[in-house]
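# Based on what follows, work out the 3D shape:
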Amino acid sequence: MFFNPQLKGAFNFVPGVMAMILLLVSTMMTSISIVREKELGTMELMLVSPLKPILVIIAKAVPYFFLSMVNVISILVLSVWALDLPILGNLFLLLSESMLFTITALCLGLLISTITASQQIAMLISLVGMFLPTLMLSGFMFPIENLPPPLKVVSNIVPAKWYFLIVKNVMIKGSGFVDVWKETAILGLMTLAFLGISVKKFKIRLA
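Alright, predicted model coming up:
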């Protein structure tokens, strides 16, 4: 209430929508990318090229990264001009954190695509496995403090939770990097873990 004395819903709605859209769009789009290449039979053409698996994976993620950045800018513009939601913190820091979270979601989608055999399964995992945790355990719908202790522990592995905290701190509270370094470090570690596992699984399945 200190940062939102009028109790406007946009102050909680916008950060949650940003986290949900970025995670779902990035994860879902990339989760079917490599699987689609396998089903179409074009992956063999990539394997006989001198490209390394890491380059193939990065190439699959780059278009969706730029698409997600367009989504971020669109949401911020609409929140400021249509919902009168101020951006009290550093805009460059907010965009940088959004880029990090987008990369995390892309790596998660690539991980799903390397461990699934069909586009239907990949899409099902990305939708069901990501939508409900993002909605229920990120702090968007329900405060983390009000969750049962087991769900509080599970919420720590939901990337959207940490991005939701970052956006609220930077955008609404006007916090700097000093106040969100912990959440940033956690997202960075998740990104490295997802990417590392994706590369390993990619080599095992396609070698």
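# For I115, which residues are in contact?
Shown in contact with I115 (CB atoms under 8 Å, 6 or more residues apart in numbering): K201. For every residue, glycine as well, the C-beta is placed using N, CA and C.
# if I look at it, how far off is P143?
33 Å (CB to CB, to the nearest Å).
# what's the answer for F101, then?
20 Å.
# Looking at these two, which one has more neighbours?
F101 (29 against 9; other CB atoms under 10 Å).
# surely the more buried one meets A19?
Yes - with contacts counted by CB atoms under 8 Å, F101 reaches A19, the gap being 7.3 Å.
# what residues are shared contacts of these two?
Y163.
# Going by residue numbers, what spans are strands in the protein?
In chain order, the chain shows no strands, with DSSP state E as the criterion.
# By mean pLDDT, point me to the weakest helix or strand of it.
Ranking every helix and strand in the chain by mean pLDDT, DSSP states H and E puts helix 43-47 at the bottom, with a mean of 70.
# What separation is there between the residue of the chain most remote from its centre and A61?
Here the chain reaches farthest from its C-alpha mean at V48, the gap being 31.7 Å by CA atoms, centre = their mean. According to CB to CB, V48 and A61 sit 22 Å apart.
# Quick one: low-confidence residue ranges for this protein.
The model of the chain has pLDDT under 70 over residues 1, 3-5, 7-10, 43, 47, 53, 202-207.
# need the contact list for the residue farthest from the centre of the chain.
V48 neighbours (CB under 8 Å, 6+ apart): none.
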